[in-house]
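> mind folding the following:
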Amino acid sequence: MDTDSNAVHYVFLGTAACFVLGLHLMNHPRTARRGNTISASAMAVAIAATVWLVIHQSTITTTGWLVLASGGLVGAALGLYAAREVKMTAMPQLVSLFNAVGGGAAALIAVNDLLQAENPAGLGARVSLPGALDIVIGAVTFSGSLIAAAKLQGVVSGAPVVFPGARLLNVLLPAAFVAGAVWLVLSPDSRTALYGLVAVALLFGVTMVLPIGGADMPVVIALLNAFTGSAVAMAGFVLNETALIIAGMLVSSSGGILTKLMADAMNRSIANIVVGGFGTGDAAPAVTAGGAAQVRPVSGDDVAIQLAYARKVVFVPGYGLAAAQAQHELGDLAKLLADHGIDVSYAVHPVAGRMPGHMNVLLAEANVPYTQLKEMDDVNPEFPQADVALVIGANDVTNPIARRPGNAISGMPILDVDKAKSVVVIKRSMGHGYAGIDNELYTDPKTGMFFTDAKKGLAELKAAVGEFVS
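Sure thing, here's the model as predicted:
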C-alpha cells in the first residue's frame, strides 16, 4: 500500500469511527441532530478522500470526469431538494427510495467489479462470494423498496397483493438465487449466472413486498434498511474497503434490531410479516360494530371546556396528524395548556405512522419538548389518571379489540387510551386504519368524536381554550 492509499485508509477508519459516534448520539432525541451532523460530515470527508485518491492514482478520461461530476451534482441537488421540499407525510416513501438507491448502488458495485475484472475466472471466493451476496441483497432491496414506496404513495394498493401461486413463487425464487449465487461463485466469468442472479433477485424483491399489507409497512421499511446495510457491507468486502464494511454493518445491525423491536411492538414475528401481512389501506370507510347511533359527536367548544379544566391531558398522535400537517397546531395547543399549569404529555406508539419514529420526527419538527414524549410502556400506566386523552388520527394502535383473540391485530400492544377518564378523537370520518378493522374505542360511551380536519380542529381548540383560560 503506497503513501496516498495508506493516508486515505486512515481517513476512512476515522470516518467509520464518526459513524459509530453519530449512531450512538442518535439514541436520544436531544443529541440526534448532532449525531446526524457528525455522520453526514464524516460521509462528506470520505467522499472527498475518495475523489482525492482517484485524482492521484487514476487516469480518468474527460468523459469519466464529466460522469463523476454530473453524478455528484445531480445527487446532491436531488438530496437537498428532497430534504427541503418533501412533506413529512411523504417521509416514509422517501426513506424507502433511499433504501432502494443504497441497495441498487451496492449491487451495481459488485456487478461492475465482476464485469471489469481482467481475469474473472481467476477471482477467488474472497471476491466472488461477497459479490454474489451483494447482488442478491442489493437487488432485492432495490426492487422491494420501490414497491414499498409505491404502496405508501398509493400507486400500488396498500392491501396485500396476492396472486395464484404467489407463495410457491416466493419459495422457488430464493432457491433459484441460492443456486445462481453458487454458480456465480464457482464460475465468476459466467455472464449467464451474473445476469440471471440479478433478474431473479429483482423479481423476488417485488414478490416479497407485494403480499405485505400496509399495516406492516413500518416493519418492512426497517427490514429493507437492514438489507441496504448488508448490501453495502458486502460491497465493502468486494472493494476491500474497511469504511464501507463498518458503515454497512452499522446500518444492518441497527436496522435489524429496529425491525425486531417493531415486530415485537405489533406482537408478530418477522417471518409472519414477510410471508404475508395484513391491512387493506386506510382509504375505505368503515361502519362501527354497534352502528352509527353509538358514536357520540362533540363540538370544538365541548372539547375546549374539557381541556381547559383538566389537570392532566395526554395527546395521542397518529398518521392523521401527519396527513393534515397539524403538528405545529398540536404543539401550540399543548404549550397553551402547559403554560396554564396543566400536565401535558404525548403518548407515542412504536408503530404509529408509516415508518419507525414517524411521530417523534413530526413532533420534533414542531419543537415539542422531548421530556413530554413518552413511549408506550411509560405512558400506559398514566392513562387512568388522565382527565382527557386526545387522539389525533391514531387508529389501530388505540383499538381495544387488540386485547381479544380472533382478529387482525390480536395481541398487538396498544396504547390504553380507553382507560382515560374522557377520550376525544379527532378524525375527518369514521374511516378505519391500515389493519382494515373498526375501532371499538369510537363507540365507547366516554369517547367523543370531533369530526374535522386535524389542522383546522386543533386551531379551533387552541382559540377556544384560550378564551376559557384567559
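> and whichever helix or strand F315 is part of, what does it pack onto?
Element membership of F315 [criterion: DSSP states H and E] is strand 312-317. Counting contacts by 3 or more CB pairs under 8 Å, 6 or more residues apart in numbering; DSSP states H and E, strand 312-317 packs against helix 327-339, strand 343-348, helix 358-365, strand 388-392. C-beta here means a position set from N, CA and C on the backbone, and glycine is covered the same way.
> again, only this time at 10 Å
The contact analysis (3 or more CB pairs under 10 Å, 6 or more residues apart in numbering; DSSP states H and E) places strand 312-317 against helix 327-339, strand 343-348, helix 358-365, strand 373-375, strand 388-392, strand 423-427.
> which helices and strands does the last one pack with?
If I follow you right, that is strand 423-427. Judged by 3+ CB pairs under 10 Å, 6+ apart, the packing partners of strand 423-427 are helix 300-308, strand 312-317, helix 319-324, strand 388-392, strand 447-451, helix 454-469.
> got it, and the first one?
The criterion is 3+ CB pairs under 10 Å, 6+ apart, and the helices and strands that helix 327-339 contacts are helix 300-308, strand 312-317, helix 319-324, strand 343-348, helix 358-365, strand 388-392, helix 454-469.
> to A166, which of the ones you listed lies closest?
Nearest to A166 among the helices and strands packed on helix 327-339 is helix 319-324 (27.5 Å), distances taken as CB to CB.
> average pLDDT across that closest one?
Helix 319-324 comes out with an average pLDDT of 84.
> residues near A42, how many?
23 (other CB atoms under 10 Å).
> that one touches A16, doesn't it?
Yes - counting by CB atoms under 10 Å, A16 is a contact partner of A42 at 7.9 Å.
> which residues are in contact with each of these two?
Counting by CB atoms under 10 Å, 6 or more residues apart in numbering, the contacts common to A42 and A16 are A243, A247.
> about what we covered before: what about dumping the CA coordinates of the strand holding F315 to PDB?
What follows is strand 312-317 as a C-alpha-only set of coordinates in PDB (Å, rounded to 0.1, in the frame of the first residue of the first chain):
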ATOM      1  CA  LYS A 312     -53.700  16.000  33.100                       C
ATOM      2  CA  VAL A 313     -54.000  15.700  29.300                       C
ATOM      3  CA  VAL A 314     -52.400  13.000  27.100                       C
ATOM      4  CA  PHE A 315     -52.100  13.600  23.400                       C
ATOM      5  CA  VAL A 316     -52.000  10.500  21.100                       C
ATOM      6  CA  PRO A 317     -50.700  11.400  17.600                       C
END
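> and the residue lying closest to V156 once chain neighbours are set aside, what helix or strand is that in?
The shortest distance from V156 to any non-neighbouring residue, by CB to CB, 6 or more residues apart in numbering, is to A150 (4.1 Å). Secondary structure here is read from DSSP H and E; on that basis A150 sits in helix 125-153.
> got the contact list for the helix or strand of the chain with the lowest mean pLDDT?
Using mean pLDDT, DSSP states H and E, the weakest-scoring helix or strand in the chain turns out to be helix 270-275, at a mean of 74. Under the contact criterion CB under 10 Å, 6+ apart, helix 270-275 has outside partners 167, 170, 208-209, 211-213, 215-217, 219-220, 222-223, 256, 259-260, 262-264, 266, 269, 278.
> picking that back up, of the helices and strands packed on helix 327-339, which is nearest V379?
Closest to V379 of these is strand 343-348 (CB to CB; 4.3 Å).
> so what strands line up beside that closest one?
Take DSSP bridges as the rule and strand 343-348 pairs in its sheet with strand 312-317 (parallel), strand 373-375 (parallel).
> make TSV out of those and add mean neighbour count and distance to A389.
Formatted as TSV, those follow (neighbours: other CB atoms under 10 Å; distance: least, CB to CB, whole Å):
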stretch	mean neighbour count	distance to A389
strand 312-317	25	5
strand 373-375	16	13
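> in CSV: the ones you listed, plus distance to N6.
CSV is the format used below for those (distance: least, CB to CB, whole Å):
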stretch, distance to N6
strand 312-317, 51
strand 373-375, 46
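> for I55, find the nearest of these.
Of all those, strand 373-375 sits nearest to I55, with 46.8 Å by CB to CB.
> pull out the buried positions in the following helix or strand past the closest one.
Next along the chain after strand 373-375, taking DSSP H and E as the criterion, comes helix 376-379. Going by neighbour count (16 or more other CB atoms under 10 Å), the buried part of helix 376-379 is M376, V379.
> and the average pLDDT for helix 376-379 is what?
Averaging pLDDT along helix 376-379 yields 91.
> again, but for stretch 202-214
Mean pLDDT, stretch 202-214: 87.
> starting at the chain centroid, how far to it?
Relative to its chain's centre, stretch 202-214 lies at 16 Å (CA atoms, centre = their mean, to the nearest Å).
> hang on, the earlier thing: quick one, the next helix or strand after the helix holding A150 and helix 125-153 angle?
Toward the C-terminus, helix 125-153 is succeeded by helix 166-186 as the next helix or strand (DSSP H and E). On the basis of axes from the mean of the first three to the mean of the last three CA atoms, to 10 degrees, helix 166-186 is oriented at 150 degrees to helix 125-153.
> quick check: which ranges of the stretch 251-400 of the chain have low pLDDT?
275-293 (pLDDT under 70).
> if you set the cut-off to 80 instead, what comes out?
For the stretch 251-400 of the chain, applying pLDDT under 80 flags the ranges 264-293, 353-357.
> equivalent analysis for the stretch 101-250 of the chain, please.
Scanning the stretch 101-250 of the chain for pLDDT under 80 picks out 118-124, 154, 157-160, 162, 166-167, 213-218, 243.
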